[in-house]
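Novice: Need a 3D model of the sequence below.
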Amino acid sequence: MPRPKTKLELIQLSNYNFDKLFTYVNSFDKQEQLKEFPKGTMNRSIRDVLAHLHHWHLMVLNWYKIGMTGKKLEMPAKGYTWKTTPALNLEIWKKYSNSDLEIIKSNLQDSFSRIQKIINKHSEEELFEKKRYKWTGTTSLASYLISATSSHYYWAFQLIKKAKK
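Specialist: Sure thing, here's the model as predicted:
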């Protein structure tokens with residue numbers, strides 16, 4: 001899967017992968033959507049995978065909100081470093097482990113829309129220029145958005161597809 005290099009590619013690929021993921025999930029009847037995956041992954045169900053995506057959307061939205069004001073932020077989350085993201089992902093899993101799948105789907109669609117508004121709000125230069133914003137460090141705003149959208153949706157689709165074989 002090629003990484004988006006333009007605003008248009010980012011919009012198209014994030015929408016394509018999101019739609020592909022939701023179409024695949026909704027191709028299963030309700031009972032099948034609720035079934036647990038075979039052992040071997042932390043995310044044990046479709047609900048877990050979609051909740052993971054939603055929570056990472058929320059984190060990116062928060063980074064953006066704080067970062068664009070110039071305030072210092074803790075990434076990826078308070079008490080975690082990029083090296084400890086497996087522990088963070090476990091906390092995310094625990095947080096949503098008793099959530100309703102339909103609520104998670106709705107929340108994910110909402111957070112997806114909010115991320116898309118950020119993408120659409122910025123010019124190509126604002127999205128892809130490295131070091132443009134202090135909070136993105138040596139990378140670009142697009143790098144964070146790609147990771148939380150098109151790349152993450154691709155990962156989710158592959159994980160669910162593998163678990164449903």
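
Novice: For residue 150, list the residues it contacts.
Specialist: Contacts for residue 150 (CB atoms under 8 Å, 6 or more residues apart in numbering) come out as 1, 4, 10, 13, 14, 16, 17. The C-beta positions use only the backbone N, C-alpha and C, and glycine is treated the same way.

Novice: How about residue 132?
Specialist: By CB under 8 Å, 6+ apart, the contact set of residue 132 is 125, 126, 140, 141.

Novice: any idea how far residue 49 is from it?
Specialist: Using CB to CB, to the nearest Å, we find residue 132 at a distance of 32 Å from residue 49.

Novice: contacting residues for residue 53?
Specialist: Residue 53 makes contact with 108, 152, 153, 156 under the criterion CB under 8 Å, 6+ apart.

Novice: What strand or helix carries it?
Specialist: helix 46-67 (DSSP states H and E).

Novice: same thing with residue 43?
Specialist: With elements taken from DSSP H and E, nothing contains residue 43; it lies in neither a helix nor a strand.

Novice: quick one, phi/psi of it?
Specialist: For residue 43, the backbone dihedrals are phi -80, psi 110 (criterion: degrees, to the nearest 10).

Novice: Wait, it touches residue 49, no?
Specialist: Yes - contact criterion CB atoms under 8 Å: residue 43 and residue 49 qualify, at 4.8 Å.

Novice: Could you tell me how far the helix holding residue 53 lies from the centre of the chain?
Specialist: Centroid separation between helix 46-67 and its chain, computed with CA atoms, centre = their mean, to the nearest Å, is 6 Å.

Novice: Kindly report the same for stretch 59-79.
Specialist: Using CA atoms, centre = their mean, the distance from the centre of stretch 59-79 to the centre of the chain it belongs to is 15 Å.

Novice: do the same with stretch 10-23
Specialist: Averaging C-alpha positions (CA atoms, centre = their mean) puts stretch 10-23 12 Å from its chain's average.

Novice: buried residues in that stretch?
Specialist: In terms of neighbour count (16 or more other CB atoms under 10 Å), stretch 10-23 has its buried residues at 10, 11, 13, 14, 15, 17, 18, 21, 22.

Novice: Pull up the distance across stretch 39-46, start to finish.
Specialist: With CA to CA, to the nearest Å as the measure, the first residue of stretch 39-46 is 14 Å from its last.
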